[in-house]
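**Student:** from the sequence below, what's the structure:
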Amino acid sequence: MRAFVVTMDSRGRVTVPAEVRAALGAGPGRRLIFSIRDGEIDVSAEPFTAATLAGSVRALPGARGKDLDTIIQEVKEERANQLAEKMKRNLA
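**Tutor:** Have a look, this model is predicted:
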């Protein structure tokens, strides 16, 4: 086990050492969970869930109100059509 000494500033902030960030898979904006049990503190990265990812990517145009399976099928069909057109152009 490695230990790291950091200094807390007047606002209660610390810099998480790079090795710790790498071990957590944490970067800017990633939320961390601090758990206290029997005087020991555990730090972990908040797991990615649909709730934590909500709003992190823009919605597909025309996707509002459609179920995910329908959206996936439409995207696959659109991509297949794009590839077919590209192949036709390459054969011509």
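**Student:** now stretch 10-27: average pLDDT?
**Tutor:** In this model, stretch 10-27 has a mean pLDDT of 94.
**Student:** run the chain-centre distance for that stretch.
**Tutor:** Centroid displacement of stretch 10-27 relative to its chain, using C-alpha atoms, centre = their mean, to the nearest Å, is 17 Å.
**Student:** which stretches in the protein count as helices?
**Tutor:** 18-24, 50-53, 68-91 (DSSP state H).
**Student:** pipe those helices into TSV and attach mean neighbour count and distance to residue 11 per row.
**Tutor:** For every residue, glycine as well, the C-beta is placed using N, CA and C. Formatted as TSV, the helices of the chain follow (neighbours: other C-beta atoms under 10 Å; distance: least, C-beta to C-beta, whole Å):
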stretch	mean neighbour count	distance to residue 11
helix 18-24	13	20
helix 50-53	8	25
helix 68-91	10	42
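**Student:** the residue lying closest to residue 34 once chain neighbours are set aside: how many residues sit nearby?
**Tutor:** In space, and not counting its chain neighbours, residue 34 is closest to residue 43: 5.7 Å by C-beta to C-beta, 6 or more residues apart in numbering. Burial of residue 43, expressed as a neighbour count using other C-beta atoms under 10 Å, amounts to 13.
**Student:** ok, residue 43 - contacts?
**Tutor:** With contact set as C-beta atoms under 8 Å, 6 or more residues apart in numbering, residue 43 has these partners: 20, 24, 32-35.
**Student:** out of those residues, which comes closest to residue 67?
**Tutor:** Of all these, residue 67 sits closest to residue 33, with 31.8 Å by C-beta to C-beta.
**Student:** who's that closest one bridged to?
**Tutor:** Under DSSP bridges, the beta-bridge partners of residue 33 are residue 44.
**Student:** hang on, it packs against residue 46?
**Tutor:** Yes: checked against C-beta atoms under 8 Å, the pair residue 33 and residue 46 is within contact range at 5.5 Å.
**Student:** follow-up on the earlier one: most widely separated two among the contacts of residue 43?
**Tutor:** Using C-beta to C-beta, the two most remote members of those are 20 and 35, lying 15.3 Å apart.
**Student:** residue ranges of each domain in the chain, please.
**Tutor:** Per automatic domain parsing, the structural domains of the chain span 1-55, 58-91.
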